[in-house]
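A.B. asks: dropping the sequence and predicted coords here.
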Amino acid sequence: MKLSVELAPRNKRGLLLANPVMTASGTFGWGTEYEHLFDIQRLGAIVCKGTTLKPREGNPQPRLAETPCGVLNAIGLQNIGVEAVIKEKAPIWAKWRVPVIVNILGETVEEYAELAKKLDGVGKISGLEVNIGCPNVEAGGAEFGADPLLAAKVTAAVKKATSLPLMVKLTPNTGDIVGVAKAVAEAGADAISLINTIKGIAIDISKRRPLLGNISGGLSGPAIKPIALYMVYEVAQAVKLPVVGIGGISTAEDALEFIMAGASAVQVGTANFSNPQAPIEVLEGIEQFMQKEGIEDIAELIGIARR
Ligand SMILES: Cc1cc2nc3c(=O)[nH]c(=O)nc-3n(C[C@H](O)[C@H](O)[C@H](O)COP(=O)(O)O)c2cc1C
């Protein structure tokens, strides 16, 4: 049975995953936190926390609110900064078999490029996921991913700064996600991942105030799955690049829906909080499905719902 997928066929280095199950940025720490829970080396890839040039403290508390079938978060990209990632995390990842992809976010086009340059050739980092749409940060993020021209500008600048495979992560908070996908594909992305969280808000009625310290947050979890699936379906037929599906995936059935809609791989996010074994269960469930259905190669399933 063949589960491997190539996520960067047009990049010289390539980005070959042993299987299509990845973890989503911001929901799986640095990977190290989960090592004692299951064999993380079996995963297709690990995407680390969003990394910025300087360390960030993130947004004021509270930063999380539970909603029916989902979570609203406004972490505000708290992270240790790229220098610490290079010094402290990359040497650990270099000993791993599982590819590690570093998720990056800048507040200007130049910052994205600088981050990419700093991470090029570091340890065994296998690729970059360019977050062009974090809805939780006032400056930067949201604007880049909402506009095809700006999204293309960031992609082209990052492409110029590194030879690492580039996966550009799209935000659903735009009226034209297909337009943005086409623009980043043309600007040099090797793969496209989608979706990031959907902008939302919760009100604390006793305080008569927004519940989150940042006022608005990003919605994730099962609530966003049909929206994410629709966007993956649309984007996968609009671009020729490999697409990575994200949004409310907690079971193998969820992952298979994304794969059949056109995703070459998937990322498990919020599900990690309620079930830290979720990624490995998703992988084993896909294997069982393929065995039961007599599928020899995962490629047979990619986009099958659209044929
Ligand atoms: C607590 C939290 C932190 C996140 N941090 C990041 C981040 O740093 N960079 C990023 O690109 N996405 C981040 N995300 C978005 C997820 O990677 C994912 O795109 C989104 O949650 C949808 O998938 P899910 O429904 O499976 O969680 C974060 C999500 C959550 C819930």
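C.D. replies: Arrived safely, thanks for sending. Numbering: from 1, shown residues only.

A.B. asks: what ranges does the stretch 101-250 of the chain have for its helices?
C.D. replies: 109-119, 141-146, 148-161, 177-186, 225-238 (DSSP state H, counting those that start in this stretch).

A.B. asks: as a markdown table, the ones you listed with mean pLDDT would be great.
C.D. replies: Formatted as a markdown table, these follow (pLDDT from 0 to 100):
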| stretch | mean pLDDT |
| --- | --- |
| helix 109-119 | 96 |
| helix 141-146 | 74 |
| helix 148-161 | 95 |
| helix 177-186 | 98 |
| helix 225-238 | 98 |
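
A.B. asks: okay if I get the ones you listed as TSV plus mean neighbour count and distance to the ligand?
C.D. replies: Just so you know, the C-beta spots here come from the backbone N, C-alpha and C atoms, and that holds for glycine as well. Putting the helices of the stretch 101-250 of the chain into TSV (neighbours: other Cβ atoms under 10 Å; distance: least, Cβ to the nearest ligand atom, whole Å) gives the following:
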stretch	mean neighbour count	distance to the ligand
helix 109-119	19	13
helix 141-146	22	9
helix 148-161	20	13
helix 177-186	22	14
helix 225-238	20	7
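
A.B. asks: residue in the stretch 151-300 of the chain nearest to the ligand?
C.D. replies: Nearest residue of the stretch 151-300 of the chain to the ligand (Cβ to the nearest ligand atom) works out as Gly269 at 2.5 Å.

A.B. asks: how close does that residue get to Glu114?
C.D. replies: 27 Å (Cβ to Cβ, to the nearest Å).

A.B. asks: any idea which residue of the stretch 51-200 of the chain lies closest to the ligand?
C.D. replies: Asn131 (3.6 Å).

A.B. asks: rewinding a little: residues near the residue nearest to the residue of the stretch 151-300 of the chain closest to the ligand when sequence neighbours are not counted, how many?
C.D. replies: Spatial nearest neighbour of Gly269, excluding adjacent residues (Cβ to Cβ, 6 or more residues apart in numbering): Ala24 at 3.3 Å. Neighbour count for Ala24, taken as other Cβ atoms under 10 Å: 26.

A.B. asks: and the gap between Ala24 and the ligand?
C.D. replies: Distance, Ala24 to the ligand, by Cβ to the nearest ligand atom, to the nearest Å: 3 Å.

A.B. asks: in this structure that residue contacts Val266, no?
C.D. replies: No - contact criterion Cβ atoms under 8 Å: Ala24 and Val266 do not qualify, at 9.1 Å.

A.B. asks: the residue of the stretch 151-300 of the chain closest to the ligand contacts Ser250, correct?
C.D. replies: No - in this structure, Gly269 is not within contact of Ser250 by Cβ under 8 Å, at 9.1 Å.

A.B. asks: tell me which of those two has more neighbours.
C.D. replies: A count of neighbours by other Cβ under 10 Å puts Gly269 above the other of Gly269 and Ser250, at 28 against 21.

A.B. asks: so what's the more buried one scoring on pLDDT?
C.D. replies: The confidence metric pLDDT takes the value 98 at Gly269.

A.B. asks: next: the one 5 residues further on.
C.D. replies: Model confidence at Ser274, given as pLDDT, is 95.

A.B. asks: now it: closest residue in space that isn't a chain neighbour?
C.D. replies: Using Cβ to Cβ, 6+ apart, the nearest residue to Ser274 is Ser250, at 7.8 Å.

A.B. asks: ok, the one you found to Phe273 distance?
C.D. replies: For Ser250, the distance to Phe273 - Cβ to Cβ - is 10 Å.

A.B. asks: about what we covered before: residues touching the residue nearest to Gly269, list them.
C.D. replies: Val47, Ile246, Gln267, Val268, Gly269, Thr270, Asn272 (Cβ atoms under 8 Å, 6 or more residues apart in numbering).

A.B. asks: circling back to that earlier point, for the residue of the stretch 51-200 of the chain closest to the ligand, what are its contacts?
C.D. replies: Asn131 neighbours (Cβ under 8 Å, 6+ apart): Ser25, Gly50, Asn103, Ile104, Leu105, Gly141, Lys169, Asn196.

A.B. asks: what residues does the stretch 1-150 of the chain have near the ligand?
C.D. replies: By Cβ under 6 Å from any ligand atom, the residues of the stretch 1-150 of the chain that approach the ligand are 24-27, 49-50, 71, 73, 75, 77, 103, 131, 134.

A.B. asks: for the residues you listed, which entry has the maximal number of neighbours?
C.D. replies: Asn131 (30 neighbours).
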